[in-house]
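Peer 1: Got a predicted model here, sequence first, then my questions.
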Protein chains: 4
Amino acid sequence: PKTPADITFPALSPATTARARMVHCTVKTDSRRRELAPPIPEAMSSKGSVVLAYSGGLDTSCILLQLKEQGYDVIAYLANTGQKEDFEEARKKAPKLGTKKVFIEDVSREFVEEFIWPAIQSSALYENRYLLGTSLTRPCIARKQVEIAQREGAKYVSHGAPRKGNDQVWCELTCYSLAPQIKVIAPWRMPEFYNQFKGCSDLMEYTKHHGIPIPVTPKNPWSVDENLMPISYEAGILEDPQEPSASRSLHEDPGQAKAPNTPDILEIEFKKGVLLKVTNVKDATTHQISLALFMYLNEVAGKHGVGRIDIVENRFIGMKSRGIYGTPAGTILYHSHLEIEALTMDLEVRQIKQGLGLKYAELVYTGFWRSPECEFVRHSISQERVEGKVQVSLFKGQVSMLGWESPLSLYNEDLVSMNVHGDYELIDATGFININSLRLKEYHHRQSKVTAK
Amino acid sequence: PKTPADITFPALSPATTARARMVHCTVKTDSRRRELAPPIPEAMSSKGSVVLAYSGGLDTSCILLQLKEQGYDVIAYLANTGQKEDFEEARKKAPKLGTKKVFIEDVSREFVEEFIWPAIQSSALYENRYLLGTSLTRPCIARKQVEIAQREGAKYVSHGAPRKGNDQVWCELTCYSLAPQIKVIAPWRMPEFYNQFKGCSDLMEYTKHHGIPIPVTPKNPWSVDENLMPISYEAGILEDPQEPSASRSLHEDPGQAKAPNTPDILEIEFKKGVLLKVTNVKDATTHQISLALFMYLNEVAGKHGVGRIDIVENRFIGMKSRGIYGTPAGTILYHSHLEIEALTMDLEVRQIKQGLGLKYAELVYTGFWRSPECEFVRHSISQERVEGKVQVSLFKGQVSMLGWESPLSLYNEDLVSMNVHGDYELIDATGFININSLRLKEYHHRQSKVTAK
Amino acid sequence: PKTPADITFPALSPATTARARMVHCTVKTDSRRRELAPPIPEAMSSKGSVVLAYSGGLDTSCILLQLKEQGYDVIAYLANTGQKEDFEEARKKAPKLGTKKVFIEDVSREFVEEFIWPAIQSSALYENRYLLGTSLTRPCIARKQVEIAQREGAKYVSHGAPRKGNDQVWCELTCYSLAPQIKVIAPWRMPEFYNQFKGCSDLMEYTKHHGIPIPVTPKNPWSVDENLMPISYEAGILEDPQEPSASRSLHEDPGQAKAPNTPDILEIEFKKGVLLKVTNVKDATTHQISLALFMYLNEVAGKHGVGRIDIVENRFIGMKSRGIYGTPAGTILYHSHLEIEALTMDLEVRQIKQGLGLKYAELVYTGFWRSPECEFVRHSISQERVEGKVQVSLFKGQVSMLGWESPLSLYNEDLVSMNVHGDYELIDATGFININSLRLKEYHHRQSKVTAK
Amino acid sequence: PKTPADITFPALSPATTARARMVHCTVKTDSRRRELAPPIPEAMSSKGSVVLAYSGGLDTSCILLQLKEQGYDVIAYLANTGQKEDFEEARKKAPKLGTKKVFIEDVSREFVEEFIWPAIQSSALYENRYLLGTSLTRPCIARKQVEIAQREGAKYVSHGAPRKGNDQVWCELTCYSLAPQIKVIAPWRMPEFYNQFKGCSDLMEYTKHHGIPIPVTPKNPWSVDENLMPISYEAGILEDPQEPSASRSLHEDPGQAKAPNTPDILEIEFKKGVLLKVTNVKDATTHQISLALFMYLNEVAGKHGVGRIDIVENRFIGMKSRGIYGTPAGTILYHSHLEIEALTMDLEVRQIKQGLGLKYAELVYTGFWRSPECEFVRHSISQERVEGKVQVSLFKGQVSMLGWESPLSLYNEDLVSMNVHGDYELIDATGFININSLRLKEYHHRQSKVTAK
């Protein structure tokens, strides 16, 4: 699958991206693979089953082992949200760590249709800039995790999300919304866990001791999380907002530089607010299935360096942080959808919807994707009339509009034309302005009387 | 003065830009200059004085003559808001048309300080995309026009704003707010005027008849308005949103293509929400005076093709229209200011301010710049803490952040660091999440009971 | 039908209320009925048909005659929205004035179900106080008027709404929304009409001249409009907000004084946000049909003097005015519905809905009932879960809650009980408070450093 | 001081109200007073000082003793916010429990001026009904508590707020905002405390054991909290929302019944949004000092049964609860201030302010009184023009407006008068309506085309 990283961003080895945000430290020394030790014998009496969101990386491998040691039956669960990863490798490896079962679930299509489309439809932009990437992924992953737990009769779910991040909130609020009786085990917030694993070397030691083969990875000075919607970088040297060189190392090849010198022109078509079809005008490439559409946009937008931002944001847990996000397809869609709405949606409807969009961004970012208020907003954002197509040019990181067209257009060329009267009575504007100025005049009259005193 | 058009956009002759938005048709045939006829004799008994916003172009020249014919004493007024124009030429020409007085007022500094800064501070973005350019200029121009009218004892003001546009509203609501007793004469809404001048040829005939020297201009398939903040293109072939070639002709040299292959890195400094200083890291150029700062940003951002949009928008008078806007300096400032706020402003304060910013954009766009509610919002948007600097890179049309720094920063590296505890008790996040999920659990419990029935 | 005036307010003769708001002056002298003159002969060639919202009173009778004189075929239309009126009398009288047809339409049930219910559901309260009464009636009346026009092939509609009021806006925006091609004839804004009829005596003379029998009415120092939802008083001596005696004359018997000394206790039941059933606990009276329910509430709430306000409000056309409104049933329903929502609706959903409710009130009050944005808000305000019943006591003008009950209640007694733990982990509140205070602490730290400098 | 309970509500013994909300259980058995045991000897080495919000009641007496036993130096602090209480008795008693110091602070004037006035000015009404009473008191009390802690060098503050209520949040968020380094000891959330004191009898036993004289109180089936702004009842039998008899016991004498049969007419005057003067028209009583004004309003409004509500609300910690609140003075002021604003404030300003008022209510209710965002809103709500007086009648629980007057009034009688033209051009309304309907017509045109297909 084409994901943002395919094109735009510095090459990361699959192994790195695989472990994504879940790895909050990186392995510094090379370690040779050893033969696997035999699986650890199960605890005599199980505490019950736990579904662990497992990435195959260092952290969640340690967590898996710990959960087993504490007497849980561990069900490993890997969600495919479009990240590059050797899922078959993971499927083979997990049992060697002593899992009861392994589930590898491809949720990328439902991610696009149920999570990305509504975000695009609401024009959600957290704090004016962020297209919500990861905060959309986590509820999608957690929803499947709960589904597995319910199906398998597991009373617990667990994750390796770091202790100061948003991911833990996104994951847990979704779980509790869907299954209030479920208990979440968050090892990175449990003293018995984090006191034992104070740094990477502790984690390395522990896995070595259990004979777990953790692949060697190149050192990255930040953590990376990747899926269909965004690739995001944070932590590590990015934690210092004052050091330009920190970000420059990610920016040194900022997409635009390597981007082709001729634009791609796309025709993007929506129906009822949903992306229907994309045609590349140059080569007549056409895509029409939601997932394929999205992946194609990632590819072509990525090629042109579209959609990278470097921002300071406010985490829900009350601290400011800094992140770099790449959202190529999301960026095109945000703009294209906005333009279709501009053409087909009434002025005042858009204004009300704009307020709801602010709310939607805030709700998703704070983890309330599955809350009644988020459902309320999704229900409100009616997209019946959002139909039509735009031509956009992608060039050197920019998305520019070239043309608009819709059977539901409210744009009336006769009405707006400076050379045609249309339905517009010229005298009306005078009355309109006069009545609108009535209260302004009154205010001035009274205000000046007061000032004059 | 450096204005947007200096750099980014296709070269337009000064004569074209001079008449700006006010010209809604363009002269098709060449016409040789003739010797000026002697000034028209004044009407016997004057109806009183009228201050006309005069541009030197075809429309306002005709209006000037008409007003005189109808018995008004005409005071011509040209505002310098940073557009390229031969003001001295205009100063000489106006009396030849029979004006009582001519005022050429440089309002560019107050435009920057009183109109642009508050817009940047409120992060005003009309309909998610438009930085408000012209709607900021008009109240600035109208304010001075009213001032002249009051000083000169004129009971009337007049303008050549077209009959279906926003400009008439921006101008008149400002006038009425500042001087309720003043009467606005809007010839393009008066049947006796527009019935006489149905097309360009009528206007041309009329000026020829009066011996008025209207400069020959190249044919432009749209109208242009330019000042320090934006350059905007609309009307003409742009009225058709479905024809890509229409916009492509403006896009064919879309700035980015010609932009240099190396970025400029700027350090941009704010204090109390006001732009204080800009330093070009490469050549150590520094600017510190508001107007000079703004013009420098226009120059450098223009060079890199920053800040052009092509959109469909909703005019206040209830019709959709399409416009292309170039706002190089404004675009950098919008992003830079947003980032300083992200660093120094509390999460919840920003959220409330975001709502007010939406309102501010709407109020300015609909012409209520001088209304009590707009004053209320300006007063609300406190900028005491908005201080610091950002490094931004300008490259191929993109503005990217490289670094943030502020003495008032609320960013706490220890707090956010994944490797340091800071003040953060890890156990607290559990309580935080649990309490936040209480009502979600309750909702689920009750909802599922209902569904189960 | 039971309307507000039945009970609460000073007795007004049917004839007065009949002419309602439409009469903006009152007849001062007694005039004896005369035999009707023969109907005026029709104009030779008709300008086409016009549907006139006819009340049988002085104004609309004059308008009717004028329209005929000007060559229109007049279709008289009377809407029954629950006001006290002798509709049969009107049906007989209208043809004598020369109408082509007469339609008397009972819209009271659709008024309750399509106009009142959504207002209650949105908790719409214009400017914090006004339950929107008349602004709900006008679109209901205008909708039927347009329907008749379309059915009868009339190109015109007409009304006698006064020239400075909201009614003209409510009526006309609804008409244009439903039938853009229709032309509205508003005589009170046409110089040829209002210059001819400068005062009541002119109107009286004119009707006398045409031999029209206008019933003699007692002098009222204000105008009154009445229907099922509100009775409203405005204009006349009420125009002076500084004179307490003006309002005291309406207040001197303000309902509460004459109200019974024992309360009525009602059980009010909603399902999906719609009033389902009302039971009077005392006498077990039960009502279950929308219109009957509403009328019963008017009766019993009126008896106890519930729901009268005297306010200064802002008209859409930019002026402040003063009105006295009586809305007995509406007031009970506003409060009861709010309480059912409090019990069954999630905290955050209500908060979003509260913002939409503000908007709804504003939209309805400004005449946009039939606009796309108003449809958007109605669609948004989901009422699926708003089910349950409340007991309310009505006593001396007050509506007090006595008890709440719902199968969809989100109120968890165990959870809230101070003596039971429920699902609530006590330690969680500590984490919740701590995380919520993180940014506050940070803000204080940084702020005090700054202050200390 | 006159507080709400003086007049309106069933007589409660001073002793009961003294312990207010802090007592979450009531004493069931009579217990004879005994001679005091000698003070408990101090712990050898102190853990430092703690400032305890002490009420003299059962809970906080136990907490005081516990804190001492655990090695803290306890500073007892009683805030006088207008509740009826024998403060001198408390001053004498506290040392007998072993306090290091006792501070009894009268904060009632700052409570009125700094906490109540801004709430009135913002028209804050939590969830459409609640005037915020207690949530205004707590930050005022906590602010002084922090002040004492800082002055006395105490590192800790403590309170007896119950574990599921809002009070703990109100108190602690204020403390942390003002002094981030301070630690709050909340015994009711500490297992070592609440496990020891599972019911009232445990608390009684413990005090008996320590020889502490806890006054005998009559059994109340709910808890009560009282101060100048509100008296509030909650918990106990009120926890069941379905049982009308529970609330009826508080309603059985619901104020209105015993209220006088003649109204009181007050003239209420504001300047810059602050209550300036109240005159009783009947007896010419006049009050002009903030605290005295407020107390007088409590007295007279209380007499007429004004301002009691019984509601279901949403606590910040995510649960629904039920409370009965009496806010006599606050209710008059809410309405009077609203009317002065209606008269003097521009329509659009009020609308923006209305949104901020919703936010203010939410922020205060959730404990963020001292947050930067709450400061932002207070700063925004400009009250420069809110000046004037209203006449209100108080009668049988109702507050009715009788007249309005202001030197800054924006109400123009000539403009609004149906019989005078004023500045209003009648033709203007036509243009106003037509332009407002442009987009509605367009929408209908396009929509019907679609439907027709």
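Peer 2: Okay, I see it.

Peer 1: Next, count neighbours for the closest residue to A:S371 other than its chain neighbours.
Peer 2: Distance criterion CB to CB, 6 or more residues apart in numbering or on different chains; nearest residue to A:S371, sequence neighbours excluded, is B:L440 at 5.7 Å. C-beta here means a position set from N, CA and C on the backbone, and glycine is covered the same way. Per other CB atoms under 10 Å in any protein chain shown, the neighbour tally for B:L440 reads 25.

Peer 1: My read is that B:L440 contacts A:R370, right?
Peer 2: Yes - taking CB atoms under 8 Å as the contact criterion, B:L440 and A:R370 are neighbours in contact, 7.5 Å apart.

Peer 1: Which neighbours do the two have in common?
Peer 2: Here B:L440 and A:R370 share the contacting residues A:173, A:177, scored by CB atoms under 8 Å, 6 or more residues apart in numbering or on different chains.

Peer 1: Please spell out which residues along the strand or helix carrying A:I265 are buried.
Peer 2: A:I265 is part of strand A:264-271, with elements assigned from DSSP states H and E. Applying a neighbour-count criterion of 16 or more other CB atoms under 10 Å in any protein chain shown, one finds A:264-270 buried in strand A:264-271.

Peer 1: from these, which is closest to chain D?
Peer 2: A:F270 (15.4 Å; CB to the nearest CB).

Peer 1: count of neighbours near the closest residue to the closest one other than its chain neighbours?
Peer 2: Distance criterion CB to CB, 6+ apart; nearest residue to A:F270, sequence neighbours excluded, is A:I340 at 5.1 Å. Applying other CB under 10 Å, we find 27 residues neighbouring A:I340.

Peer 1: Under the pLDDT cut-off, which ranges of the stretch 101-250 of chain A? List them.
Peer 2: A:213-219, A:243-250 (pLDDT under 70).

Peer 1: so where do the strands sit in it?
Peer 2: A:101-106, A:156-158, A:183-185, A:223-226, A:231-234 (DSSP state E, counting those that start in this stretch).

Peer 1: Serialize the ones you listed to CSV and add fields for distance to chain C.
Peer 2: Formatted as CSV, those follow (distance: least, CB to the nearest CB, whole Å):
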stretch, distance to chain C
strand A:101-106, 29
strand A:156-158, 16
strand A:183-185, 12
strand A:223-226, 22
strand A:231-234, 18
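
Peer 1: residue contacts, the spatially most central residue of chain A?
Peer 2: Central residue of chain A (CA atoms, centre = their mean): A:G133, 1.4 Å from the mean position. Residues in contact with A:G133 (CB under 8 Å, 6+ apart) are A:227, A:229-232, A:325, A:327, A:330.

Peer 1: Leaving out chain neighbours, which residue sits closest to it?
Peer 2: Per CB to CB, 6+ apart, closest to A:G133 is A:P230, 2.6 Å.

Peer 1: so the one you found touches A:T327, yeah?
Peer 2: Yes - in this structure, A:P230 is within contact of A:T327 by CB under 8 Å, at 4.6 Å.

Peer 1: Is any residue of stretch A:156-170 near chain D?
Peer 2: No - judged by CB under 8 Å from any CB of the partner chain, stretch A:156-170 stays clear of chain D, getting no closer than 14.6 Å.

Peer 1: Let's see that stretch as CSV, backbone CA atoms only.
Peer 2: Taking C-alpha atoms only, stretch A:156-170 is exported to CSV below (Å, rounded to 0.1, in the frame of the first residue of the first chain):
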residue,chain,number,x,y,z
TYR,A,156,-8.3,-6.8,29.6
VAL,A,157,-6.7,-4.8,26.8
SER,A,158,-3.2,-3.4,26.9
HIS,A,159,-1.0,-1.0,25.0
GLY,A,160,2.5,0.4,25.0
ALA,A,161,1.6,4.0,24.5
PRO,A,162,3.9,6.4,26.3
ARG,A,163,3.0,8.0,29.5
LYS,A,164,2.9,11.6,28.5
GLY,A,165,1.3,11.4,25.1
ASN,A,166,-2.1,11.6,23.5
ASP,A,167,-2.1,8.0,22.3
GLN,A,168,-3.0,6.5,25.7
VAL,A,169,-6.0,8.8,25.9
TRP,A,170,-7.1,8.1,22.3
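
Peer 1: That one: how far from the chain's middle?
Peer 2: 16 Å (CA atoms, centre = their mean, to the nearest Å).

Peer 1: in the stretch 351-453 of chain A, which spans are strands?
Peer 2: A:388-395, A:398-405.

Peer 1: out of those, which comes closest to chain D?
Peer 2: strand A:388-395 (11.8 Å).

Peer 1: so that closest one versus strand A:398-405, what angle?
Peer 2: 150 degrees (axes from the mean of the first three to the mean of the last three CA atoms, to 10 degrees).

Peer 1: who in chain A is up against chain D?
Peer 2: Residues of chain A lying near chain D (CB under 8 Å from any CB): A:346-348, A:407-410, A:412, A:415, A:423-425, A:427-432, A:434-436, A:438-439, A:441-443, A:446, A:450.
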